[in-house]
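Novice: this one's sequence-less:
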Ligand SMILES: Nc1nc2c(ncn2[C@@H]2O[C@H](COP(=O)(O)OP(=O)(O)OP(=O)(O)O)[C@@H](O)[C@H]2O)c(=O)[nH]1
Ligand SMILES: [Mg+2]
């Protein structure tokens, strides 16, 4: 075979190879098309809501993602809410990530203070100053009456009145706005001295232990559920201990919250010794690598003496399992009780050293001014405020944010 024949043969072989390759590719495309025709197309990507992780001050704007207003639930019922979506349990994977709209872990404070701003002392003060131009003795006397009959406490009443008398000088603008701005500055200053907000818990590996106490019905179990959600999104591995064995269904209620948040709950039988249930819970938290254990406790026993003794015992037991525990004792107060909430706290303060307050039900009351009384008269930092019954309805307390939300306009709803 001469050279030209060999070249011709190679050219022919080349064409044959190209033809075979093209046929194979065409075949694959056909297969794909056939598969697509057989399988239903995935639905167009729908937008999912994700709670995000930046709680508190860094939470995204509430306008970006409206939060459902929860229905009020009857006492001791766990309000219905779908369990946390998988995306809530951690960072979403792959393509889903681009479709997530961040939703704050916590609800904005403004909504929770609406009634205090309109019907409470802020609204009533605004009504007094509306249309006025000067602040005379007669007006100040009426201001005193409003403050004394509100829930801000005697000490705060005296201090605010004195500040208005001595330092407030209207500049001729809108008097209501000027007074509210002045009071905002005063309130911020009054609250500034205490380390409010999320407690400084020992960092992982823990477990850090939080003991939650308070009168029955104030919102302990609900607050624990919301706290578990909050701390889980801070990256903590949370375990709950059902130490309220006195009230039938107390443990079940915590169990429901545990399922909703996606954290384990250690509980005992009804009427089991709360010390032994919480001993077991703390031990499991320690041995299984949880870095936060939150203990629920009874709000009522046969007598207050029993209650005090039981809380003391639980406190001791937690310290036996985890040295230094409990690292935080949160007293849950019911904001709708106003000044009575402060008085009710005494019994718990006799039993254990309360290191922080969670003020529940701020959304359902015009008595939000009680925050000032709690912080100043009790001298205990406010850790969280509850603004509803949903997972996200717990807000780390920030004094500046509180004063801003409290004295923000408009106050048209105020009585005149
Ligand atoms: N609107 C509103 N309701 C709340 C809030 N916190 C709790 N609640 C409701 O208050 C009621 C009592 O709450 P619980 O968590 O059961 O109170 P508790 O202190 O554990 O009560 P006991 O277990 O009986 O001692 C329930 O209906 C809760 O849904 C809140 O921040 N806002
Ligand atoms: Mg409870």
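Specialist: Here it is on my side, so go on. If you're wondering where the values come from, they're calculated on a predicted model, not measured in any experiment. Numbering: from 1, shown residues only. Ligands and ions are numbered 1, 2, ... in the order given.
Novice: Report the contact partners of the residue lying closest to residue 382 once chain neighbours are set aside.
Specialist: Distances taken as C-beta to C-beta, 6 or more residues apart in numbering put residue 397 closest to residue 382, at 4.1 Å, once the chain neighbours are dropped. Any C-beta I mention is one placed from the backbone N, CA and C, and that applies to glycine too. With C-beta atoms under 8 Å, 6 or more residues apart in numbering as the criterion, the residues that contact residue 397 are 196-197, 359, 371, 381-385.
Novice: Backbone dihedrals for residue 397, please?
Specialist: Recorded main-chain torsions at residue 397 are phi -80, psi 130, according to degrees, to the nearest 10.
Novice: How about residue 150?
Specialist: With angles defined as degrees, to the nearest 10, residue 150 shows backbone torsions of phi -100, psi -170.
Novice: check contacts around it.
Specialist: Under the criterion of C-beta under 8 Å, 6+ apart, the neighbours of residue 150 are 120-121, 124, 157, 367, 369.
Novice: What's the local residue count around residue 295?
Specialist: Number of residues near residue 295 (other C-beta atoms under 10 Å) recorded here: 31.
Novice: all helices of the chain, in order?
Specialist: 3-38, 109-112, 114-118, 121-129, 137-148, 154-167, 175-191, 220-233, 250-261, 274-287, 304-321, 339-351, 370-373, 399-407 (DSSP state H).
Novice: Show me the least confident stretch of those helices, going by mean pLDDT.
Specialist: Per-segment confidence across the helices of the chain bottoms out at helix 3-38, which has a mean of 50 in mean pLDDT.
Novice: related to what we said a few turns ago, the residue nearest to residue 382 and residue 387, how far apart?
Specialist: Computed as C-beta to C-beta, to the nearest Å, the residue 397 to residue 387 distance reads 11 Å.
Novice: So for the closest residue to residue 226 other than its chain neighbours, what's the pLDDT?
Specialist: For residue 226, ignoring the flanking residues on the chain, the nearest one in space by C-beta to C-beta, 6+ apart is residue 394 at 3.7 Å. At residue 394, the predicted lDDT confidence score is 95.
Novice: re earlier: among the helices of the chain, which comes closest to residue 211?
Specialist: Taking C-beta to C-beta as the criterion, helix 304-321 is the member of the helices of the chain that comes nearest to residue 211, at 6.4 Å.
Novice: what's in contact with the closest one?
Specialist: 209, 211, 213, 243, 274-276, 278-279, 282-283, 286, 295, 297-298, 300-301, 325-326, 329, 347-348, 350-352.
Novice: Can I have the buried ones of those as a PyMOL selection?
Specialist: The following PyMOL selection, which keeps only the buried ones among these, applies the criterion 16 or more other C-beta atoms under 10 Å:
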select buried, resi 209+211+213+243+274+275+278+279+282+286+295+297+298+301+325+326+329+348+351+352
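Novice: was I right about residue 133 contacting residue 173?
Specialist: No - because the distance of 10.0 Å does not satisfy C-beta atoms under 8 Å, residue 133 is recorded as not touching residue 173.
Novice: mind putting the helices of the chain in a markdown table, distance to residue 268 included?
Specialist: Written out in a markdown table, the entries for those read as follows (distance: least, C-beta to C-beta, whole Å):
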| stretch | distance to residue 268 |
| --- | --- |
| helix 3-38 | 55 |
| helix 109-112 | 35 |
| helix 114-118 | 39 |
| helix 121-129 | 44 |
| helix 137-148 | 47 |
| helix 154-167 | 43 |
| helix 175-191 | 40 |
| helix 220-233 | 16 |
| helix 250-261 | 7 |
| helix 274-287 | 4 |
| helix 304-321 | 13 |
| helix 339-351 | 21 |
| helix 370-373 | 35 |
| helix 399-407 | 38 |
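Novice: what about the ones you listed, which gets the closest to ligand 1?
Specialist: Nearest of the helices of the chain to ligand 1, taken as C-beta to the nearest ligand atom: helix 220-233 at 3.4 Å.
Novice: tell me the angle of that closest one relative to helix 250-261?
Specialist: What separates the directions of helix 220-233 and helix 250-261 is an angle of 30 degrees, with axes from the mean of the first three to the mean of the last three C-alpha atoms, to 10 degrees.
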